[in-house]
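A.B. asks: Next one to model:
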Amino acid sequence: MTFVKLLLTLMVFVPLCVSQKAETWDSCKCKWADWAEWSKCNKQCYGYQIRYRPVWKSNTPDCQGYSACDAGQNSHQTIRCNENCTFGKYNDQRKRCDCPIGKLGVCCDEDVKCGTPTLENGKVSGSNFTYGDSITFTCNANYKLDGKSQLSCGLSGWEGALPKCVSTDPCKDNPCPKGQICLEDDVGYHCQCPEGLSGINCQIDSTPPEVVNCSSDVSLNTTSRKKYHTWALPTFTDPQGTQVDVISNYPDNKFDFPWGDFGVQYVGTKRVNGLKAKCEFTVKVRPMRCPELSAPENGYILCNSWRPEFGRFCLVGCVRGYTLPDNFDGRKWVVCGSSGHWTPANLPSKCEEEMSSHPKPDVLPAVGDCEDLTSLAGAKRMYITKLKASAFKSFCSNSPQTCDDLHVATTC
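C.D. replies: Sure, this is the predicted structure:
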């Protein structure tokens, strides 16, 4: 069983007891250092906290490794934290909250939302837009509904296309250019020349609509899984003064975006000739940016270089002849997630000159220096092995083509 798997299965407070001292405790002159601070809870719901402490001992052939002092698990302690699901129940096998229908999020405390619908030349009846809610659409006078009059909010959004209100007499004011006639159709009306007429007797408008203003691409960062964003509605116009119909792939100019890249598109169509103009922009949502780490003097840091905007997972090591300070455990992952903050926050400023009384357990191998590509390659392979066995292994299983030693970044 790997060290990380042991931590994940332990999940209870490990009391200190004399019986966990090894038989060679006295002969190896073993002495525990002070406990480090408890880590932050690793999850919003049903997570755990851990703390470590190193051991001092003689560096003799009979006193190698932690087992010379520790006959149990006195080097670390683990306790549960945040033992609650706001809604739903905790699944012991899956190690997460199982949310009821209509709820989502780590703690099942977020409602499935469908967004606020709009209806030009009509009215939307209903004030709640979460899972299970229904809304009703009605049109103003001289307009009729094209589509369903009622929609329900489902798990994937509104269950059906949003309707439109179309004029019941679209040709009343003859919206067509000079010489053309207005004919009603399924979508409202269209314009055409009378049979046998063309040129100056029937002026054909061949100009497309114009985009007056359009939002630019935007990049957003958030500490949660979603970011609510509102953008300015684009404006379309026609130099000839005819009507321009506008449709979009979003029902409103605001949306609660999860992490990812999203294309927003508006299309303006001149009804008199069918020519179109587009307003398109991208909304990118990422976790908060992680500041760059500085390697300790006479040390180095290995981190993932794939998908760094979604999480950074790092280990710290030293060059040959140096070792990490006693108050920093080299087995501990240095992590930066959606908060944009590193845990633990303080890395050692330097690796200390190695002494026989300061042995270190299970750290990254010592390297010659950052130009020693051979020893660095071995350290990177060890990094990948440890990451695949850690609590962050999903970062590898979700990106198998990039989770390898070729994609491990080195900071010296």
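A.B. asks: which residue ranges form the helices in the stretch 1-150 of the chain?
C.D. replies: Remark: helices assigned in the stretch 1-150 of the chain by DSSP state H, counting those that start in this stretch are 3-10.
A.B. asks: count of residues packed around H229?
C.D. replies: When neighbours are defined as other CB atoms under 10 Å, H229 has 17 of them. Every residue, glycine included, has its C-beta placed from N, CA and C.
A.B. asks: Could you point out the helix or strand that follows the helix or strand where it lies?
C.D. replies: Using DSSP states H and E, H229 maps to strand 226-230. As assigned by DSSP H and E, the chain's next helix or strand after strand 226-230 is strand 235-237.
A.B. asks: Just checking: what are the partner strands of that next one?
C.D. replies: Using DSSP bridges, strand 235-237 pairs in its sheet with strand 210-213 (antiparallel).
A.B. asks: List the buried residues of the strand it pairs with.
C.D. replies: By neighbour count on 16 or more other CB atoms under 10 Å, the buried set for strand 210-213 is V211.
A.B. asks: Give me the contact list for it.
C.D. replies: With contact meaning CB atoms under 8 Å, 6 or more residues apart in numbering, strand 210-213 is reached by A232, P234, T235, F236, T237, D238, P239, G268, A277, K278, C279.
A.B. asks: residues contacting the third one?
C.D. replies: T235 sits next to V211, V212, N213 when contact means CB under 8 Å, 6+ apart.
A.B. asks: List the beta-bridge partners for it.
C.D. replies: Beta-bridge pairing for T235 (DSSP bridges): N213.
A.B. asks: Give me the contact list for the helix or strand L302 falls within.
C.D. replies: Per DSSP H and E, L302 falls inside strand 299-304. Contacts with strand 299-304, where a contact means CB under 8 Å, 6+ apart, come from 293, 295, 311-319, 322, 324, 334, 347-348, 350-351, 364, 367, 370, 376, 379-380, 383, 387, 395, 403, 407-412.
A.B. asks: From those residues, list the buried ones, please.
C.D. replies: 293, 295, 311-319, 322, 324, 334, 347-348, 351, 364, 367, 376, 379-380, 383, 387, 395, 403, 408, 410.
A.B. asks: The lengthiest helix in the chain to strand 299-304, inter-axis angle?
C.D. replies: Secondary structure of the chain per DSSP state H: the longest helix is helix 373-388. Using axes from the mean of the first three to the mean of the last three CA atoms, to 10 degrees, the direction of helix 373-388 lies 50 degrees away from that of strand 299-304.
A.B. asks: Show me what helix 373-388 is packed against.
C.D. replies: strand 299-304, strand 312-318, helix 394-397, strand 408-411 (3 or more CB pairs under 8 Å, 6 or more residues apart in numbering; DSSP states H and E).
A.B. asks: and the third one, which residues are buried?
C.D. replies: Of the residues in helix 394-397, those buried under the neighbour-count criterion (16+ other CB under 10 Å) are F395, C396.
A.B. asks: Also stretch 330-348?
C.D. replies: For stretch 330-348, the neighbour count (16+ other CB under 10 Å) marks G330, R331, K332, W333, V334, V335, C336, G337, S338, W342, L347, P348 as buried.
A.B. asks: ok, now which ones touch the third one?
C.D. replies: To tie it back to what came earlier, the one meant is K332. Neighbouring residues of K332 by CB under 8 Å, 6+ apart: Y52, P344.
A.B. asks: how much space between it and K95?
C.D. replies: To K95, K332 is 21 Å away according to CB to CB, to the nearest Å.
A.B. asks: I figured G260 was touching T282, is that so?
C.D. replies: No. Using CB atoms under 8 Å, G260 is not in contact with T282; the gap is 10.5 Å.
A.B. asks: Between the two, tell me which one has more neighbours.
C.D. replies: Comparing G260 with T282 by other CB under 10 Å, the one with more neighbours is T282, at 13 against 10.
A.B. asks: The more buried one against D217, yeah?
C.D. replies: Yes. T282 is within contact range of D217, at 4.6 Å (criterion: CB under 8 Å).
A.B. asks: Which members of the contacts of strand 210-213 are the farthest-apart pair?
C.D. replies: Largest separation among the contacts of strand 210-213 by CB to CB: A232 and P239, giving 22.1 Å.
A.B. asks: Tell me who's in contact with the residue most central in space within the chain.
C.D. replies: What sits nearest the mean C-alpha location of the chain, by CA atoms, centre = their mean, is W259, with 4.0 Å. Under the criterion of CB under 8 Å, 6+ apart, the neighbours of W259 are T222, R225, K226, V285, R286, P287, F310.
A.B. asks: closest to A141 among these?
C.D. replies: Closest approach to A141 among these (CB to CB): K226, at 39.5 Å.
A.B. asks: Next, count neighbours for the closest one.
C.D. replies: So K226, with other CB under 10 Å, has 16 neighbours.
A.B. asks: before we move on, what about the one 5 residues further on?
C.D. replies: The number of residues packed near W231 is 16, by other CB under 10 Å.
A.B. asks: Now do the strands in the stretch 201-350 of the chain.
C.D. replies: Assigned by DSSP state E, counting those that start in this stretch, the strands in the stretch 201-350 of the chain fall at 210-213, 218-222, 226-230, 235-237, 244-248, 254-258, 260-270, 276-287, 299-304, 312-318, 322-323, 334-336, 342-343.
A.B. asks: Same list (the ones you listed) but as a markdown table, adding mean pLDDT and distance to A33.
C.D. replies: Formatted as a markdown table, the strands of the stretch 201-350 of the chain follow (pLDDT from 0 to 100; distance: least, CB to CB, whole Å):
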| stretch | mean pLDDT | distance to A33 |
| --- | --- | --- |
| strand 210-213 | 93 | 63 |
| strand 218-222 | 90 | 38 |
| strand 226-230 | 89 | 42 |
| strand 235-237 | 93 | 67 |
| strand 244-248 | 89 | 61 |
| strand 254-258 | 86 | 43 |
| strand 260-270 | 88 | 44 |
| strand 276-287 | 90 | 34 |
| strand 299-304 | 93 | 20 |
| strand 312-318 | 93 | 18 |
| strand 322-323 | 88 | 14 |
| strand 334-336 | 90 | 20 |
| strand 342-343 | 88 | 21 |
